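S.K.: Task: produce atomic coordinates for the following.
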Amino acid sequence: MDPADWYADYDHLTWQGHTIPYRYEPRSGAPTILLIHGYPTASWDWYRIWPTLGKEFGLLAFDMLGFGWADKPRKHPYSMRNQADLAFDVLAHCDVADPHLLVHDYGVSVGQEMLARLAEGAPRLRSCCFLNGGLIPDQHRPTLIQKLLATPAGPLVARAISRRGFGRAFSQVFGPNTQPTAAELDICWSLIERNDGRPIIASLIAYMAERREFRDRWVGVLEAPPVPLRLVDGALDPVSGRHLAEEFARIVPNADVVILDDVGHYPQLEAPERVADAALAFFRSLA
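M.R.: Below is the predicted model:
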């Protein structure tokens, strides 16, 4: 789906002086799923599973600050804790109570921070379904480009990245038989480039250090879950694939894990039907 078509149904809110696009489709009598995207793309990532999920649940998605069609301020203390503030404020803006979470990549840590706040009086969440992401810092295996972006030379690396280089690096985290098309790579690149966003991808990559800093807090919500959890994991992901799922199964009590053996880091794009089925089965079980 072309981003212009996807974002045509979005509204906007002003948050800390910045414009945030969001898409809210309530469903009468049903809970809402809050979908939180990953790095370095945007809520467009959900387009393949959105129609299926929306048949049974309300849906709410937004572009986090610095991503996609949201504002991308150059001088901003980007952090996943700040993005969790934004997520709760989007929920409040849309008057959504007690949502399920469906989170991916960067979004898994935003989700973990939201779960950690439940013990501190944050609004109630029903459950959380994780897709591939750095849930456990010592199981996160960043790509070479991520490592370079995280160095002091990161801003220079960001400016030097080309569409072609991005396509090669991005494709490496997909399964060999579920590779993104050239058109999809063009779209993902456009999401990064929009609003002069390429220079800030090095600022956003600070999430890797933040995961290490808050490891005990965020892994703690896995070891003692405050709500039901499920992990749907693309096993062929070199960053957070089967090795992550095995550690999740080891540390989470009565762990609920769905392994997708033949896909990589973006299961919602690579195997949308199976991801939607796994998420819906989980959310239905909690009705």
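S.K.: What are the buried residues along stretch 137-146?
M.R.: The neighbour-count check on stretch 137-146 (16 or more other CB atoms under 10 Å) flags P137, Q139, H140, P142, I145, Q146 as buried. Just so you know, the C-beta spots here come from the backbone N, C-alpha and C atoms, and that holds for glycine as well.
S.K.: Just list whatever residues bridge to F62.
M.R.: On the basis of DSSP bridges, F62 is bridged to Y22.
S.K.: Quick check: it touching I20?
M.R.: Yes: when contacts are counted by CB atoms under 8 Å, F62 is listed as touching I20 (5.8 Å).
S.K.: more neighbours, the two?
M.R.: Using other CB atoms under 10 Å as the criterion, F62 and I20 rank with F62 on top: 33 against 24.
S.K.: how close does the more buried one sit to C94?
M.R.: From F62 across to C94, the span is 9 Å (CB to CB, to the nearest Å).
S.K.: Overlap in contacts, the two.
M.R.: Applying CB atoms under 8 Å, 6 or more residues apart in numbering, one finds that F62 and C94 are jointly contacted by Y22.
S.K.: Quick check: phi and psi on I161?
M.R.: Main-chain torsions, I161, degrees, to the nearest 10: phi -70, psi 130.
S.K.: ok, back up a step: need the overlap of contacts for F62 and I20.
M.R.: Joint contacts of F62 and I20 (CB under 8 Å, 6+ apart) are A70, L86, V90.
S.K.: Okay, and the second one sits in which element?
M.R.: It stands for L86. Using DSSP states H and E, L86 sits within helix 80-93.
S.K.: Show me what that helix is in contact with.
M.R.: Around helix 80-93, the neighbours that count as contacts under CB under 8 Å, 6+ apart are 13, 15, 20, 22, 34, 36, 60, 62, 64-65, 97, 99, 106, 109-110, 113-114, 117, 122-123, 207, 210-211, 214.
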